[in-house]
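Novice: Sequence and predicted structure below; questions after.
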Amino acid sequence: QTAGLPNVTILATGGTIAGTGATSTTTVGYTAATVGVQALIAAVPEITKVANVTGEQVFQIASENMGNEQWLILAKRVNALLAQPNVDGIVITHGTDTLEETAYFLDLVVKSRKPVVVVGSMRPSTALSADGPINLYNAVNLAGSPAAVGKGVLVAMNDQIHAARDVTKANTTTADTFRTAELGMIGYIQGGKPFFYRDVTRKHTVDTEFDISKLDALPQVDVAYAYANVGDVAVKALVAAGAKGLVHAGVGNGSLPAKTKPALVAARSQGVVIVRSARVGQGIVARNGEANDDQLDFVVSDTLSPQKARILLMLALTKTNSTKEIQRMFYTY
Ligand SMILES: NC(=O)C[C@H](N)C(=O)O
């Protein structure tokens, strides 16, 4: 331990940042989640000059296999570590496919103002110009920085800092995949130093009403995706499978196709909470816009993507079944 350096814990969960390919030019068709946390740290000795780094292997999975069960374990570990006075910040190494979902879940349930930074890579560790080492270096610097305190969960990728709520993976394979399109990323990392230019205004971390400390499961919430010619098969199947909440990823401004709407209305009458969201990727889903939400007793997702609306709805359902209260939460977080 070097006095004067921040203490940063790296929680490793797998992903491409811990992936290996057959050759240095293998940038697709590699195997994710093979390199352990100590090897990840050893590959970037520069991080030990900017922080006292400790590593823990929490999972070793590709992030397409991330789920509610892992989120609860991870969030509890983050909260336990951040409650310790000798931990200044946390870095979570993660696959990129669901990275934005884990980041937003933590943004809603971490009970600390200390920095939590989620990081991944697009190229496996064995690739030419692997992006994992620089991303990890930036993430550790960010997690140890007083400038990152109170900003909520951050995503550090490609020299950029994004807020968990608004960032999305936006390209299947390129290194610049994480984008906060219209709302904008919140800063850069240059020479290991964070530069912030904007803040998120939505409540997060210590200012949320969610408490996962005593939970070992989350309510079942699923997403039904709309498209031309869609019917009601998916909605009916999800309700039959026990969904307590459904996010409808509608077309346009969250529009409800005529062949889907009756199934959603029926689900609501059985107590399933329906959130109207949009598959578009940008913009506000207007309450009482494309559907009469007051009359239907539906909730709108505001600007949250369907996959993030699912997370907020799960957490909302741990507190209440009131659609009025849940709508308030969607305008708060
Ligand atoms: N770039 C990546 O990390 C993709 C990988 N499938 C994952 O999410 O684990």
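Specialist: Structure received.
Novice: How many neighbouring residues does the spatially closest residue to Gly192 that is not a sequence neighbour have?
Specialist: Spatially, and ignoring its direct neighbours in sequence, Gly192 is nearest to Asn141 (4.2 Å; C-beta to C-beta, 6 or more residues apart in numbering). C-betas here are computed from N, CA, C, even on glycine. Per other C-beta atoms under 10 Å, the neighbour tally for Asn141 reads 25.
Novice: how about Asn141, secondary structure?
Specialist: helix (DSSP: H, G, I helix; E, B strand; the rest coil).
Novice: Give me the pLDDT value at it.
Specialist: According to the prediction, Asn141 has pLDDT 98.
Novice: Contacts only, for the closest residue to the ligand within the chain.
Specialist: Nearest residue of the chain to the ligand (C-beta to the nearest ligand atom) works out as Gly95 at 2.0 Å. Contact partners of Gly95, counting by C-beta atoms under 8 Å, 6 or more residues apart in numbering, are 13-17, 32-33, 61-64, 66, 120.
Novice: now do 10 Å
Specialist: For Gly95, the contact set (C-beta atoms under 10 Å, 6 or more residues apart in numbering) comprises 13-19, 32-33, 59, 61-66, 102, 120-121.
Novice: Next: Trp71.
Specialist: 98, 101-102, 105-106, 109, 212, 218, 311, 314.
Novice: what does Thr48 give?
Specialist: Listed by C-beta under 10 Å, 6+ apart, the contact partners of Thr48 are 2, 5, 41-42, 140.
Novice: top of these by neighbour count?
Specialist: Counting neighbours by other C-beta under 10 Å, Val140 leads the contacts of Thr48 with 27 neighbours.
Novice: The closest residue to that residue other than its chain neighbours: neighbouring residues, count only.
Specialist: Spatial nearest neighbour of Val140, chain neighbours left out: Ile47 (4.5 Å); criterion: C-beta to C-beta, 6+ apart. Ile47 is flanked by 25 other residues according to other C-beta under 10 Å.
Novice: pretty sure Ile47 contacts Asn135?
Specialist: No. If you go by C-beta atoms under 10 Å, Ile47 and Asn135 don't touch, sitting 11.2 Å apart.
Novice: shared neighbours of those two, anything?
Specialist: Counting by C-beta under 10 Å, 6+ apart, the common neighbours of Ile47 and Asn135 are Val91.
Novice: check contacts around Gly152.
Specialist: Counted by C-beta under 10 Å, 6+ apart, Gly152 has contacts 103-104, 106-108, 110, 113, 115-116, 163-165, 186, 199-200, 202-208.
Novice: next one: phi and psi at it?
Specialist: phi 80, psi -180 (degrees, to the nearest 10).
Novice: pLDDT score for it?
Specialist: pLDDT, Gly152: 98.
Novice: For the residue nearest to Tyr227 when sequence neighbours are not counted, grab the count of nearby residues.
Specialist: Leaving aside its chain neighbours, Tyr227 sits nearest to Val251 (7.1 Å; criterion: C-beta to C-beta, 6+ apart). When neighbours are counted by other C-beta under 10 Å, Val251 registers 18.
Novice: residue contacts, Val251?
Specialist: Residues near Val251 by C-beta under 10 Å, 6+ apart: 225-228, 230, 257, 278-280, 290.
Novice: returning to what we had before: for the contacts of Trp71, pick the one with the most neighbours.
Specialist: Phe105 (29 neighbours).
Novice: Helix, strand or coil: sort out that one for me.
Specialist: Assigned state for Phe105: helix (three-state reduction, three-state DSSP).
Novice: Could you double-check that it lies in contact with Ile92?
Specialist: No. Here Phe105 lies out of contact with Ile92, judged by C-beta under 10 Å, at a distance of 11.1 Å.
Novice: tell me, what's touching these two both at once?
Specialist: What both Phe105 and Ile92 touch, as defined by C-beta under 10 Å, 6+ apart, is the set 74, 153.
Novice: what's the spacing between Ser322 and Gly254?
Specialist: 21 Å (C-beta to C-beta, to the nearest Å).
Novice: so what's the residue of the chain most remote from its centre up against?
Specialist: Going by C-alpha atoms, centre = their mean, the residue of the chain most distant from its centre is Ala3, 33.0 Å out. Each residue near Ala3 by C-beta under 10 Å, 6+ apart is listed here: Asn52.
Novice: Just the buried residues of the helix or strand containing Trp71, please?
Specialist: Per DSSP states H and E, Trp71 falls inside helix 68-82. Neighbour-count burial for helix 68-82, counted by 16 or more other C-beta atoms under 10 Å, picks out 68, 70-72, 74-79, 81-82.
Novice: Let me have those residues in TSV, extended by distance to Val299 and pLDDT.
Specialist: As requested, these are exported to TSV (distance: C-beta to C-beta, whole Å; pLDDT from 0 to 100):
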residue	distance to Val299	pLDDT
Asn68	20	98
Gln70	26	98
Trp71	22	98
Leu72	24	98
Leu74	27	98
Ala75	24	98
Lys76	28	98
Arg77	31	98
Val78	28	99
Asn79	28	98
Leu81	34	98
Leu82	31	98
